[in-house]
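Undergrad: take a look and give me a structure for this.
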Amino acid sequence: MTFSALSHLECPKCGQTHDADQVIGLCPCGSPLLARYDVPAVTLTKDELAARPPDLWRYHELLPVRAPENVVTLGEGMTPLLPLPRYGREVGVERLLMKDEGLIPTGTFKARGAAVGVSRAYEVGVRRIAMPTNGNAGSSWAAYAARAGMAALISMPVAAPEICRREVKVVGAELHLVDGLIGDAAAFIREQEGYFDVSTLKEPYRIEGKKTMGLEIAEQLGWQLPDVILYPTGGGVGIIGIWKALVELRELGWIDGPLPRLVAVQSTGCAPIVQAYEKGLPESEPWPDAKTIAFGITVPKALGDFLVLQAIADTDGCAVAVDDETILAEQHHLARLEGAFICPEGAATFAAVRRLRESGWIRADDQVVALNTGLGLKYPETVPL
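TA: Numbering: from 1, shown residues only. Model prediction:
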């Protein structure tokens, strides 16, 4: 067995396949591409996996980097899956767990996508990358680009968290600020020449890094899946990745039974996925005047929205929106009860846990995993002094 079982790239819309060993963005039809693997060729056992170092590269057979010398790493992966007994008792979900992505390089789950995306881009010959961002993705990709010796151009809204701007600059990337939203930052990136555009889902491998959250959850629970997984959803790469990971584990024969019910959590200030879910639409409609304290999920129209909605439908999940006041209240309340200072996007998932338990959609005996996608310390404005 080689280091990676990567086989080819596949378009989930038109079904066309593509050679993975090339510099490629979207399918000609305009859809994101998904990495596919020769899963039957993977001979790895669970015992062999358990003996490997505790980082995301332990799953290298199901990751797209073909040679170990091309791995670009800062030690990312295997974040804790923490019980929240006091908070869980209060909301009526005794078996509540938090996957805490704040304890990862760059303080955010974006490091997973950056590690794998930068590694694979470097392997196929890319040396200059560019991307629009709401903040955390840009700082993560800039850090990993620096680690790889690559140039990076990052464009973000001027309202993005200040620490993300500082992170981009300190690692030597070029920073461009726009007076607008992430769509305006994306328009700037499209005008630039000489860079490979690594915008959300415009290259195939960010999702492969994000899917390791799903692989880790399954492994950390002894290959017994939880009943529900909640994820704060902007571009949707995380929830798509978790879904993809679980499908691949089922194909590998390491899990069986129904998949966890996946929940896409958004803010009422920007909820295109929730709106599409409630209307029964296969894709979302652009959200006007998007604005929320959970800046990382301010994505008015996600390129992979159809995949998010498929993930929800395939797992009998749902989509729910919570308002900013509730997000902030939940962030502060969780910190007081459990000592965990999480990001606003993560706090949105806990607000959703409370709401879905009150409605009965989450049952009292369900095992529930809520994703905290970043470190609360990166958002000092959420805690007035």
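Undergrad: from here on, contacts and neighbour counts on C-alpha atoms
TA: OK.
Undergrad: isn't Phe295 right up against Ala137?
TA: No - using CA atoms under 8 Å, Phe295 makes no contact with Ala137, being 11.7 Å away.
Undergrad: look at the two and report which has more neighbours.
TA: Ala137 (26 against 22; other CA atoms under 10 Å).
Undergrad: how about the more buried one: what's its closest non-neighbour residue?
TA: The shortest distance from Ala137 to any residue other than its chain neighbours is 5.2 Å, reached at Lys110 (CA to CA, 6 or more residues apart in numbering).
Undergrad: gap between that neighbour and Gln224?
TA: 26 Å (CA to CA, to the nearest Å).
Undergrad: residues touching the spatially most central residue of the chain, list them.
TA: Nearest to the geometric centre of the chain sits Gly238, at 2.7 Å (CA atoms, centre = their mean). Contact partners of Gly238, counting by CA atoms under 8 Å, 6 or more residues apart in numbering, are 207, 210-211, 231.
Undergrad: and the helix or strand harbouring it, what's buried?
TA: Using DSSP states H and E, Gly238 maps to helix 237-252. By neighbour count with 16 or more other CA atoms under 10 Å, helix 237-252 contains the buried residues 237-249, 252.
Undergrad: more crowded one of Lys110 and Gln224?
TA: Using other CA under 10 Å as the criterion, Lys110 and Gln224 rank with Lys110 on top: 26 against 14.
Undergrad: Ala145 and Val118 touch, don't they?
TA: Yes - the pair Ala145 / Val118 is scored as a contact, 6.4 Å apart, by CA under 8 Å.
Undergrad: state the distance from Pro32 to Ile189.
TA: With CA to CA as the criterion, Pro32 and Ile189 are 18 Å apart.
Undergrad: could you list the low-pLDDT ranges of the protein?
TA: For the chain, the stretches with pLDDT under 70 are 1.
Undergrad: one more time with 90, if that's ok
TA: Counting by pLDDT under 90, the chain shows low-confidence ranges at 1-2, 159-161, 181-182, 295, 380-381, 383-385.
Undergrad: before we move on, back to that, now the contacts of Gly238 in a markdown table, with neighbour count and secondary structure?
TA: Converted to a markdown table, the contacts of Gly238 look like this (neighbours: other CA atoms under 10 Å; DSSP: H, G, I helix; E, B strand; the rest coil):
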| residue | neighbour count | secondary structure |
| --- | --- | --- |
| Ile207 | 28 | helix |
| Lys210 | 29 | helix |
| Lys211 | 26 | coil |
| Tyr231 | 26 | strand |
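Undergrad: nearest to Leu82 among these?
TA: Ranked by distance to Leu82 (CA to CA), the contacts of Gly238 are led by Tyr231 at 15.6 Å.
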